[in-house]
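**Student:** please find the sequence and the predicted model below.
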Amino acid sequence: MASQVGVKTLKGRDFLSLHDFSPEEIRILLKTAEDLKTRLRAGEPCRVLAGKTLGMIFHKPSTRTRVSFEVGMVQLGGHALMLRGDELQLRRGETIADTARVLSRFVDGVMIRTFSHQDVVELAEHASVPVINGLTDLLHPCQGLTDLLTIEEKKGRLAGLKLAYVGDGNNVCHSLLFAAAKTGMHIAVAAPDGYQPRPEILELARGDARSTGARIEVGTDPVAAVAGADVVYTDAWASMGQEAEHEQRVKVFAPYQVNAALLAHARADAIFMHDLPAHRGEEVTDEVMDGPQSVVFDQAENRLHAQKAILALLL
Ligand code: CP
Ligand code: NVA
């Protein structure tokens, strides 16, 4: 079984960015996620992490990431430990490196959600157990893997589809660029000037796309991006940590709202996706969120299955 091959190849790895994984490794993760989802639905236990503990550091709020990682660990026979950033000695100046060394003596893996991506890289450098990126200002790879699982479930394939990402060129957009590039999906990003994906991420994604034939387009016109798309995706206009810019961003991003008029430019069978939480009436209207093309709650559920695959294969 593909997932058994993966147990050997992925064991001990960090999960910081989808860019770090080959298309074959992403395929193994997706196959394992599908298997775990099927087994869960069949009521078949899979306690491959019996006796193992995941430490979960959160410096930002979370609903999906926290609950899906904790429930996932329990379903795999293990245990998850919530470590609030403001309650750790990190807050009083203990270094990231020392925190990594100490946690590695107690737990079998660390999931972290924080601001600076560099802090996660540093944690991973000094931890002797796998570190999983549960979102940084730069990337959200667990979401990207989940989104691949959801698109494949809904559309039956990935390569050759067109995904339109409309809105802020943020962490979620960056991980979708890698997700598409690694799997041969065409991705068209529409974002206002000044809010486009970072050039260094685009350069890496374009490098990844060379081996899969994925096409990457970045522009400012939401209608052009959505035209003929199989998947229409958006995310918050003001991410966590950008609350002070909210008022300004709402003005800049108003033409990028995913509403019925914009969605009408996509294929008739296009699906609407959002990593959530949604800001209804801002980046997406109720009619789209609650409409027949929306798969956002299936997508949210898939966080559980995708992350169980990451945990089962890496820890
Ligand atoms: N999509 C996502 O990561 O949700 P949470 O912020 O609730 O974890
Ligand atoms: N871009 C959003 C994603 C939330 C899951 C943020 O960083 O706040």
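**Tutor:** Ah, there it is. Numbers count the residues shown, from 1 in each chain. Ligands and ions are numbered 1, 2, ... in the order given.
**Student:** mind listing the strands for the stretch 51-200 of the chain?
**Tutor:** 53-58, 79-84, 109-113, 131-133, 162-166, 186-190 (DSSP state E, counting those that start in this stretch).
**Student:** between the ones you listed, which gets nearest to I216?
**Tutor:** Among these, strand 186-190 comes nearest to I216, with 5.5 Å by CB to CB. All C-beta spots, glycine's among them, are computed from the backbone N, C-alpha and C.
**Student:** just checking, what packs against that closest one?
**Tutor:** strand 162-166, helix 171-183, strand 216-219, helix 222-226 (3 or more CB pairs under 8 Å, 6 or more residues apart in numbering; DSSP states H and E).
**Student:** can you pull out the residues in contact with that strand?
**Tutor:** Contacts of strand 186-190 with the rest of the structure, by CB atoms under 8 Å, 6 or more residues apart in numbering, involve 160-167, 169, 173, 176-177, 180-181, 196-197, 214-222, 224-226, 229, 256.
**Student:** partner strands of it and their direction?
**Tutor:** Sheet partners assigned to strand 186-190 using DSSP bridges are listed as strand 162-166 (parallel), strand 216-219 (parallel).
**Student:** tell me what angle that strand forms with helix 171-183.
**Tutor:** Inter-element angle recorded for strand 186-190 and helix 171-183: 160 degrees (by axes from the mean of the first three to the mean of the last three CA atoms, to 10 degrees).
**Student:** got the CA coordinates for strand 186-190 in PDB?
**Tutor:** Provided in PDB are the C-alpha atoms of strand 186-190 (Å, rounded to 0.1, in the frame of the first residue of the first chain):
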ATOM      1  CA  HIS A 186      -3.500  25.600 -13.200                       C
ATOM      2  CA  ILE A 187      -3.700  28.500 -10.700                       C
ATOM      3  CA  ALA A 188      -4.800  32.000 -11.500                       C
ATOM      4  CA  VAL A 189      -4.500  34.500  -8.700                       C
ATOM      5  CA  ALA A 190      -6.300  37.900  -8.800                       C
END
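**Student:** quick one: average confidence on it?
**Tutor:** Mean pLDDT, strand 186-190: 99.
**Student:** interface residues of the stretch 101-250 of the chain facing ligand 2?
**Tutor:** 135, 170-172, 235-236, 239-240 (CB under 6 Å from any ligand atom).
**Student:** ok, which of the strands of the stretch 51-200 of the chain comes nearest E153?
**Tutor:** Nearest to E153 among the strands of the stretch 51-200 of the chain is strand 162-166; the distance by CB to CB comes to 14.5 Å.
**Student:** and the contacts of the closest one?
**Tutor:** Residues from elsewhere that reach strand 162-166, judged by CB under 8 Å, 6+ apart: 151, 173, 176, 180, 185-191, 222, 225-226, 228-234, 256, 258, 262, 266.
**Student:** just to revisit the earlier point, any of the contacts of strand 186-190 buried? List them.
**Tutor:** The neighbour count (16 or more other CB atoms under 10 Å) marks 161-167, 169, 173, 176-177, 180-181, 196-197, 214-216, 218, 222, 225-226, 229, 256 as buried among these.
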